[in-house]
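Enquirer: For reference, the sequence and a predicted model appear below.
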Amino acid sequence: MTTLHTVFAKAKVDNRAALVGYLPAGFPTKAGAVEAAAALVDAGCDVIEIGLPYSDPLMDGPTIQDAVHRSLVNGTRIADVFRTVEGVAATGAATLVMTYWNPVDRYGAERFARDLASAGGVGTITPDLTPEESGPWRAASSAAGIDTVFLVAPSSTEERIKAVVDCCTGFVYAASLMGVTGARESVNVAAEDLVARTRAHTELPVCVGLGVGTGAQAGEVARYADGVIVGSAFIRRLLDAPDEAAGRAAAADLARDMAAGVRSRA
């Protein structure tokens with residue numbers, strides 16, 4: 001199984017950033033989610049985040065909200081998320097779940113961690129779980145052998161950054177801006193400063209997400225970050241396509257452009 005450690009170690013040897021792609025489970029269909037993620041891996045994504053569809057996605061912008069709504073209409077449940085993880089992990093890509101805390105809490109933290117590990121998942125990103133309340137989840141994750149990823153933001157104080165990175169074991173997710181997800185015309189200039197501030201507190205990889213939509217932007221972020229996280233831009237390609245096959249092809253084209261971008265510093 002490919003771990004986050006091996007992914008970032010290889011990227012470092014290659015003098016490049018890792019490319020992290022995000023897609024929600026159950027979108028555009030349950031089977032289609034695995035096929036789309038596999039297409040991203042074939043096109044150069046090193047890590048795949050599988051989103052657990054949730055009815056109150058506080059961090060998600062309109063593009064991801066649209067995809068998540070379609071996933072929920074498709075009847076996607078947590079068991080489907082684990083099946084998606086299993087299918088994506090079979091490609092050889094390190095595969096995480098990005099989820100709000102309530103579904104994990106209702107499912108049971110220890111059970112969720114065990115089932116994710118059994119499916120081949122290597123960790124989770126929990127955007128709304130605070131360091132102060134993360135103890136039981138970190139213990140459950142450690143027992144299951146999966147990594148934890150938490151978020152820092154441009155508004156985070158030094159004390160807050162320290163508290164967050166102390167809870168991380170896989171990488172640190174640096175949100176490039178204050179706001180919701182979505183590709184933008186440019187990546188917030190605060191992202192580079194946030195990465196530098198975060199690195200002062202940890203040796204873990206620091207990955208930048210929110211706002212990356214082109215290969216050129218990926219290359220820009222790759223100059224200073226260990227990983228570039230892309231979600232809305234891939235999803236938009238799938239949403240705008242006339243059918244699933246065309247959507248996969250369009251998303252893969254973008255992933256190839258992004259993969260070239262993160263390698264441009266080599």
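Expert: That came through, no problem.

Enquirer: Quick check: the gap between Ala175 and Val97.
Expert: Distance of Ala175 to Val97, computed by C-beta to C-beta, to the nearest Å: 18 Å. Bear in mind the C-beta positions are built from the backbone N, C-alpha and C, glycine included.

Enquirer: Name the residues of stretch 241-249 that are buried.
Expert: Buried residues in stretch 241-249, counting neighbours by 16 or more other C-beta atoms under 10 Å, are found at Ala241, Gly247, Arg248.

Enquirer: Just list the residues touching the first one, thanks.
Expert: Neighbouring residues of Ala241 by C-beta atoms under 8 Å, 6 or more residues apart in numbering: Gly247, Ala249, Ala250.

Enquirer: burial count for the last one?
Expert: Residue crowding around Ala250 was assessed by other C-beta atoms under 10 Å; the count is 17.

Enquirer: which ones are touching it?
Expert: By C-beta under 8 Å, 6+ apart, the neighbours of Ala250 are Arg237, Leu238, Asp240, Ala241.

Enquirer: now the end-to-end length of stretch 110-125.
Expert: Stretch 110-125 has an end-to-end distance of 16 Å (criterion: C-alpha to C-alpha, to the nearest Å).

Enquirer: ok, residues contacting it?
Expert: 1-4, 49-50, 78, 82-83, 85-86, 89-90, 94-99, 104, 137, 140-141, 143-151, 169-170, 173.

Enquirer: Among the residues you listed, which lie within helices?
Expert: 4, 78, 82-83, 85-86, 89, 104, 137, 140-141, 143-144 (DSSP state H).

Enquirer: Buried ones among the residues you listed?
Expert: Of the ones in helices among the contacts of stretch 110-125, these count as buried by 16+ other C-beta under 10 Å: Leu4, Ile78, Phe82, Arg83, Val85, Glu86, Ala89, Val104, Trp137, Ala140, Ser141, Ala144.

Enquirer: Excluding chain neighbours, give the residue nearest to the second one in space.
Expert: Think Ile78. Tyr107 (5.8 Å; C-beta to C-beta, 6 or more residues apart in numbering).

Enquirer: hang on, the earlier thing: let's see which of the buried residues of stretch 241-249 end up in strands.
Expert: Among the buried residues of stretch 241-249, DSSP state E puts none in strands.

Enquirer: ok, those residues vs Ser232, which is closest?
Expert: Gly247 (14.1 Å; C-beta to C-beta).

Enquirer: The nearest residue to Val172 once chain neighbours are set aside: how many residues sit nearby?
Expert: Nearest residue to Val172 in three dimensions, chain neighbours excluded: Val206, at 4.8 Å (C-beta to C-beta, 6+ apart). The local packing of Val206 (other C-beta under 10 Å) involves 25 other residues.

Enquirer: Return the per-residue confidence for Val206.
Expert: pLDDT for Val206: 98.

Enquirer: Show me where the stretch 51-200 of the chain has its strands.
Expert: Assigned by DSSP state E, counting those that start in this stretch, the strands in the stretch 51-200 of the chain fall at 94-98, 123-125, 147-149, 151-152, 172-175.

Enquirer: okay, and for the stretch 51-200 of the chain, where does confidence drop off?
Expert: For the stretch 51-200 of the chain, the stretches with pLDDT under 70 are 57-59, 177-188.
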